[in-house]
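Student: prediction below, plus the sequence it came from.
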Amino acid sequence: MARLSVPTTARLPSSLPVETSNSAVVKLLNRLSRPSLLSMVLDWLDPTNQSLCPPLLQGRDDDDDDFYPPAGSLDELREIYSDMQQRKGSKREVVDRIVEGDWRNGVTLYQLAMADIQYLYDHPGSLKWTAYKIQRLKTPSSEDGAEGPQKLDKECLAIPRFHPSTFVQNLQAEVLPDVKAHYNLDRPEGMPLWLLRIFILDSPYNTGLAVSNRIGERAATSFDASRTVYIAFPDASPHVYLSNSQSTGATTTGESKSLRALIVDGIPKAMSRPRERYALRPAHLSTRNLAELLHVKGAGRTNAAGGGWSIYASENQRTDSPLNPVLPTPPLSDEDATEDLVGGARKKRALSTKTTHDKYQQEAKRARLVAQARFGDSAKADDGKGIERVDILVEDTFAAVTGERQGGGNAEDVGEDDDNSSQQRKRTKGGRSGVDLAFERGQDGDEDDGGDARDWKPKVRLTFHGSHVFAGIRQLVEAGIVDGERMPGWMTGEEGVTIGAVRHGRIRGHKGSGL
Amino acid sequence: MSSSRSRDESLDLSIADQLDDEIASLRAQVESLKKELKIQTSTLMVSEPTRKLLQDRSKKRTVNSLDSGPVAELLKKSDEQVAHQQQCLYRSCASITALKIRDPDPNAVDGGNVLGLRFEVMSKARFLRPYYVMLNRPYPNSRHLRVHRHTVPPCVPLAGLAARHLPAPKPKGGGANVDDDDDEPHQEQDLPRFARALRRELVRYQNRIGIVGDLHKAVEMKNSQASEVLDDDTIVIQNISPADAEAKQISVEWSDGKAGRLIIDDDGKIVKMAVQGGQGQDRGAARDLIGGYMHIEELMGRLEGT
């Protein structure tokens, strides 16, 4: 540890040790399962990682009555942990050995970051991600222009690109001097994105003092007030996913919100270069599922072709080459053809006595076809792209809605349908205010086409809640509970938003194509 | 006794395996035959004699009776096949084709009418899956188009092109489109120019991806061939891969730890190259690699040749 602590603006070094007596350290380690804990420790013991996570090895002045006598060499230590991997045992045993034995002098910030990221990989749904779009701003033409409000450069053809180390360097310049941050960049396996973990401490020092337990009378260290935020940068996509912040100590929601605002502010500045400014714009999409985010705001063709449009984006259609002379069959008729072949004999028999059962079967088949037409290949229950919550505010006038749908089901009906299903519709009272805010924000930037004040506009708000909302709606359509042909487009998830206001039966302000 | 039984079992197993294999191969054969049948049918259906025969027959039938039956059905299928053939011809020759799509959303604007543009892109002598751009007319009392859905990857600047060539109509009486600039001169929409510009971007993007992929493969192949011949201390290029979304920046890695960045422009012309070695910038390596070359494709020849 450095003898002298001077307030600086530098970042926290990865090799900075944190005392293991700190409750946050034990908490972080205890969250992991035994197998992932052991594989992580073996990673720490890799010779290339020795500068960042050195274990305590045998010295000259060791006590003999130590419960965890320090190992003689790295190899020996590695063997001990490999042995632990072979046999069964408790997690406690491993954590104790780390905290009181091999790393009793302190666990470095790098190690803590690794433990935290490992937890994220083990529990991919533990964080809620919000998508933001990176957009180019117009370079102001004059000095006066620089003062005014920022304008989006819509005609720009350049795609913002992300260079990890430059970005971290620039972001550090944006961080205030009384706050210290530790950055850890990681590439998760099987996902085309970069994960940046930012660990923030309220301290002016970047030495051991920042994480120390004893700063005079202030026993409550700044470490307890630390916060962690993840930023994900998908490859080849002008989007950023930001996670909600986690804090180890007790922090108010306002504080974590301001931190998030700070980072949302800092990201575009870190990405911008002279004469090349960027801004972040919320994409009205937040979910716990990174795979879904990559699907809707990722690098592929599926960004602006959700729901039924996904058949144009799907890669598994072989018959699409113009050199193929065979008449393409519409997406559904392939299966139908085989079905008809099998069911043909049975049909002939039943032709004379057409029962209600047959009728029901026909209806079910039709419902399945309609669902296929509206949802395409998307919203399958087992595709692992589930959105857990969708908030919709219906702003249509009552008469207009019923008129458009020929007096059929109005918005309330749709809500009730969902109630009957496996998807639960919950009205959570706690999160309400945040949703309200987001709605209002969405309305601010929108045109108001000055509808008649006499029209009755009931405030209908729908919240769909479940493990995979759109798969649930698809199942309802397939079961014939929701009429697939009259169902509005936003129920298929083709807009790619999880929060939005509906006007004229369409999500307002959002153009669907993300332009 | 027990050994003979186990042998019997293994024999049974092997027979079962053999039968399974046979069934699988037969199934595959059936599939391929079905495919062939389809192709043959499609060829027969559009051939001139068949069509003539069918047309004559159907004429006779309509004279004789109202119910034309299977002949009319066949004729209908043949007509469809001819139409498809024609579409394929247009698609393979014109590379931008239009199609009509109906929006399944009951609340869709303009009665659900959607104009689709299909962009054919070729790579390695194959047609790739086409890119689609769907346009609709959301503006009241105006025939202006707007991009509704698309399958263009985000590294192609579709938004910028749409803003340039398909600007939104001027709002009537303020109100709408607040975020639009008022001081800009209003432009007319130009769909053909938009389509041309977008196709150009798509093809350039695909070509860049293709050439970087080729370079990567060439390096890999050379390394696998050379690994037996050369000793370890010769410095070779180890990897070439795209470094950004648009494949305009290419990272090059040497076996001695040098790392380089090659920047090309939209069309694949070499703009810049920098190599970072152990002791700062290594201009020699950059010169050795791209010396005198203007286009990234010329690099291919060097990698393959030497």
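Tutor: That came through fine.
Student: give the contact list for A:Tyr230.
Tutor: Counting by Cβ atoms under 8 Å, 6 or more residues apart in numbering or on different chains, A:Tyr230 makes contact with A:Leu120, A:Leu127, A:Leu195, A:Leu196, A:Arg197, A:Ile198, A:Leu242, A:Ser243. All C-beta atoms are positioned from the backbone trio N, CA, C, and that covers glycine.
Student: need the residues you listed in CSV with pLDDT, distance to B:Lys217 and neighbour count, can you?
Tutor: Output for the contacts of A:Tyr230, formatted as CSV (pLDDT from 0 to 100; distance: Cβ to Cβ, whole Å; neighbours: other Cβ atoms under 10 Å in any protein chain shown):
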residue, pLDDT, distance to B:Lys217, neighbour count
A:Leu120, 87, 35, 19
A:Leu127, 85, 38, 20
A:Leu195, 89, 29, 20
A:Leu196, 89, 32, 21
A:Arg197, 89, 35, 20
A:Ile198, 86, 38, 23
A:Leu242, 87, 37, 22
A:Ser243, 86, 38, 23
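Student: the residues you listed in strands, which ones?
Tutor: Of those, the ones assigned to strands by DSSP state E are A:Leu195, A:Leu196, A:Arg197, A:Ile198, A:Leu242, A:Ser243.
Student: can you tell me which of those residues are up against chain B?
Tutor: Among the ones in strands among the contacts of A:Tyr230, no residue sits close to chain B (Cβ under 8 Å from any Cβ of the partner chain).
Student: for chain B, give the residue positioned nearest to chain A.
Tutor: In chain B, no residue comes nearer to chain A than B:Asn107, which is 2.7 Å away by Cβ to the nearest Cβ.
Student: just the pLDDT for that residue.
Tutor: If you check B:Asn107, the pLDDT there is 80.
Student: the nearest residue to it once chain neighbours are set aside: neighbour count?
Tutor: Leaving out its chain neighbours, the residue that sits closest to B:Asn107 by Cβ to Cβ, 6 or more residues apart in numbering or on different chains is A:Gly505, at 2.7 Å. A:Gly505 has 20 neighbours, counted by other Cβ atoms under 10 Å in any protein chain shown.
Student: now the residue most central in space within chain A. Nearest residue, chain neighbours left out?
Tutor: Nearest to the geometric centre of chain A sits A:Trp129, at 2.9 Å (Cα atoms, centre = their mean). Nearest non-adjacent residue to A:Trp129, counting by Cβ to Cβ, 6+ apart: A:Tyr241, 4.4 Å away.
Student: over to B:Leu44?
Tutor: In space, B:Leu44 is closest to B:Thr50, 5.6 Å off (Cβ to Cβ, 6+ apart).
Student: the one you found should be in a helix, yeah?
Tutor: Yes: B:Thr50: assigned to a helix according to DSSP: H, G, I helix; E, B strand; the rest coil.
Student: from A:Leu323, how far out is it?
Tutor: 22 Å (Cβ to Cβ, to the nearest Å).
Student: before we move on, the earlier item: next, count neighbours for the residue nearest to A:Trp129.
Tutor: Count around A:Tyr241 with other Cβ under 10 Å applied: 26.
Student: tell me what it is bridged to.
Tutor: A:Ala131, A:Ala232 (DSSP bridges).
Student: tell me the contacts of it?
Tutor: A:Trp129, A:Thr130, A:Ala131, A:Tyr132, A:Leu193, A:Ile231, A:Ala232, A:Phe233, A:Pro234, A:Leu290, A:Leu293, A:Lys297.
Student: which of the residues you listed are buried?
Tutor: A:Trp129, A:Thr130, A:Ala131, A:Tyr132, A:Leu193, A:Ile231, A:Ala232, A:Phe233, A:Pro234, A:Leu290, A:Leu293, A:Lys297 (16 or more other Cβ atoms under 10 Å in any protein chain shown).
Student: from the residues you listed, pick the one nearest A:Leu109.
Tutor: Set against A:Leu109, the nearest of these by Cβ to Cβ is A:Ile231 (17.4 Å).
Student: thinking that closest one is in contact with A:Leu242, fair?
Tutor: Yes: shown here, A:Ile231 and A:Leu242 form a contact pair, counting by Cβ atoms under 8 Å, at 5.7 Å.
Student: any regions of chain A where pLDDT drops low?
Tutor: A:1-7, A:59-66, A:140-150, A:206-225, A:247-257, A:315-319, A:329-354, A:399-455, A:509-515 (pLDDT under 70).
Student: can I see the domain layout of the chain?
Tutor: With no chain named, the answer covers chain A. A:29-105, A:129-139+A:152-300, A:370-507 (automatic domain parsing).
Student: let's do chain B instead
Tutor: If you go by automatic domain parsing, chain B breaks into B:2-91, B:93-168+B:187-202, B:207-305.
Student: any chance you could map the strands in the chain?
Tutor: Using chain A here. Going by DSSP E, chain A shows strands at A:17-18, A:107-108, A:129-137, A:180-186, A:193-201, A:227-234, A:239-243, A:246-247, A:277-287, A:389-394, A:460-465, A:499-503, A:506-507.
Student: hmm, no, I was thinking of chain B.
Tutor: Counting by DSSP E, the strands of chain B are B:96-102, B:113-119, B:122-123, B:126-127, B:131-136, B:146-150, B:237-242, B:249-254, B:259-264, B:270-277, B:280-281.
Student: got a list of contacts for stretch B:257-275?
Tutor: Residues contacting stretch B:257-275 (Cβ under 8 Å, 6+ apart): B:201, B:204, B:207-208, B:211, B:235, B:243, B:248-254, B:276-278, B:281-283, B:285-286, B:289-290, B:293-297, B:299.
Student: which residues do A:Ile231 and A:Leu242 both contact?
Tutor: In terms of Cβ under 8 Å, 6+ apart, A:Ile231 and A:Leu242 are both contacted by the residues A:Ile263, A:Ile267.
Student: let me know whether A:His465 touches A:Glu388 as I believe.
Tutor: Yes: checked against Cβ under 8 Å, the pair A:His465 and A:Glu388 is within contact range at 6.9 Å.
Student: what residues does the stretch 251-400 of chain A have near chain B?
Tutor: A:298-305, A:308-309, A:312-313, A:315, A:317, A:320-328, A:373-374.
Student: among these, which are located in helices?
Tutor: A:Tyr312, A:Ala313, A:Ala373, A:Arg374 (DSSP state H).
Student: could the residues you listed go into a markdown table alongside neighbour count?
Tutor: Output for those, formatted as a markdown table (neighbours: other Cβ atoms under 10 Å in any protein chain shown):
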| residue | neighbour count |
| --- | --- |
| A:Tyr312 | 24 |
| A:Ala313 | 25 |
| A:Ala373 | 18 |
| A:Arg374 | 24 |
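Student: which one of these is nearest A:Pro458?
Tutor: Nearest to A:Pro458 among these: A:Arg374, at 25.9 Å, using Cβ to Cβ.
Student: so for the one helix or strand in chain B whose mean pLDDT sits lowest, what gets flagged as buried?
Tutor: The helix or strand of chain B with the lowest confidence, counting by mean pLDDT, DSSP states H and E, is helix B:296-305 at a mean of 76. For helix B:296-305, burial by neighbour count (16+ other Cβ under 10 Å) applies to B:Ile296, B:Leu299, B:Leu303.
Student: the first one: what's it in contact with?
Tutor: Listed by Cβ under 8 Å, 6+ apart, the contact set of B:Ile296 reads B:Arg208, B:Ile211, B:Leu215, B:Ile250, B:Leu262, B:Ile264, B:Gly268, B:Lys269, B:Ile270.
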